[in-house]
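1. the amino acid sequence is not available; the structure is as follows:
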Ligand code: SF4
Ligand code: MG
């Protein structure tokens, strides 16, 4: 399948104001050189703890603010440097579903008008009967009854509101959907339904999906590939099976150790990382994870590890992989 979205060396540094006469005191290195691509019909999950920069990646790709550096190519066209006027048509192709279904829908608009908004904005309908037809179709796609169109957001539960948000995104007929913690605010039982819906729609419509989440149990359930972020950088990217089966970055290993497994006898040993996530204003030298890594080596403090593939294409940024396989404690421990 063709690549729909390609991001290369994306950087977003937020200036810290408050110096003399409002000058810049420094930068928050929120996203610091991130690259990935997503194919048609594929879900890539971007995971990591809060503050790692994953939402900033989503917002940068959506061009909600200017980038510090890097390229974003949507459907073969560079959009990172495109003027706002030309961006309009491309905006339709990339839609977003946000975390909070309570604040992301305008309470003073009926569901019909909420879903009609992108249809009208992007001039997709022939006439008002066509708008209604498209609204009805979008509601049907997210498994809501057609009569939902005449009702108000407050009449719906959190899960139903998130379906309305998804219907609004789909009404634009996008090629890429960005879900930023789209199910994190929902109750456990509702979460599963909305995740299953997203997964079905992704397959039915052949969407490319960027699924931003801190919840690895959900990610494991629905994704094709996973990219793990730590302090503004991607530290590991692989097919789901490969990443969950044998993580190749110590940070991923620690994250996975905290995910509950269905079979209690197969329980992984929990790895509790020492210390806090360092500040993105002064990220550590060398490997950014070296202040917390259980396997830290002298070179990790000075030399930045690059994201490199192994023979299977599994990418990781860690100096352990320069060791012979038998001496790599990460691979050794899990017996891969
Ligand atoms: Fe740990 Fe070194 Fe690998 Fe960084 S490069 S994750 S500090 S072993
Ligand atoms: Mg976030």
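-> Perfect, I can see it now. These numbers were taken from a predicted model, which means no experiment stands behind them. Ligands and ions are numbered 1, 2, ... in the order given.

2. contacts and neighbour counts: CA atoms only from here.
-> Will do.

3. interface residues of the stretch 201-336 of the chain facing ligand 1?
-> 249-250, 287, 289-290, 293, 295-297, 300, 305, 318-320 (CA under 6 Å from any ligand atom).

4. ok, and the most crowded of those residues?
-> Counting neighbours by other CA atoms under 10 Å, the top entry in these is residue 250, with 26 neighbours.

5. and that residue, what does it touch?
-> Listed by CA atoms under 8 Å, 6 or more residues apart in numbering, the contact partners of residue 250 are 293-295, 330.

6. 10 Å instead, please
-> 235-236, 256, 271, 273, 289-290, 292-296, 316-318, 320, 329-330 (CA atoms under 10 Å, 6 or more residues apart in numbering).

7. now swap in residue 201 and tell me
-> 41, 141-142, 166, 170, 195, 207.

8. among the residues of the stretch 201-336 of the chain next to ligand 1, which are located in helices?
-> Mapping these onto helices (DSSP state H) picks out residue 250.

9. okay if I get the residues of the stretch 201-336 of the chain next to ligand 1 as a markdown table plus pLDDT?
-> Shown next, in a markdown table, are those (pLDDT from 0 to 100):
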| residue | pLDDT |
| --- | --- |
| 249 | 98 |
| 250 | 97 |
| 287 | 98 |
| 289 | 98 |
| 290 | 97 |
| 293 | 97 |
| 295 | 96 |
| 296 | 97 |
| 297 | 97 |
| 300 | 98 |
| 305 | 98 |
| 318 | 98 |
| 319 | 98 |
| 320 | 97 |
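
10. want to throw the residues of the stretch 201-336 of the chain next to ligand 1 into JSON lines with distance to residue 79?
-> Shown next, in JSON lines, are these (distance: CA to CA, whole Å):
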{"residue": "249", "distance to residue 79": "32"}
{"residue": "250", "distance to residue 79": "34"}
{"residue": "287", "distance to residue 79": "31"}
{"residue": "289", "distance to residue 79": "32"}
{"residue": "290", "distance to residue 79": "35"}
{"residue": "293", "distance to residue 79": "37"}
{"residue": "295", "distance to residue 79": "40"}
{"residue": "296", "distance to residue 79": "39"}
{"residue": "297", "distance to residue 79": "40"}
{"residue": "300", "distance to residue 79": "36"}
{"residue": "305", "distance to residue 79": "29"}
{"residue": "318", "distance to residue 79": "31"}
{"residue": "319", "distance to residue 79": "34"}
{"residue": "320", "distance to residue 79": "37"}
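
11. coming back round to it: show only the entries of the contacts of residue 201 found in helices.
-> Filtering the contacts of residue 201 for helices - DSSP H - leaves 141, 166, 170, 195.

12. now, which of the residues you listed sits nearest residue 21?
-> The nearest member of the ones in helices among the contacts of residue 201 to residue 21, counting by CA to CA, is residue 166 at 44.8 Å.

13. what bridges to the closest residue in space to that closest one that isn't next to it in sequence?
-> Nearest residue to residue 166 in three dimensions, chain neighbours excluded: residue 97, at 6.2 Å (CA to CA, 6 or more residues apart in numbering). Residue 97 has these beta-bridge partners by DSSP bridges: residue 179.

14. next, the contact list for residue 97, please.
-> Counted by CA under 10 Å, 6+ apart, residue 97 has contacts 104, 162-170, 177-183, 211.
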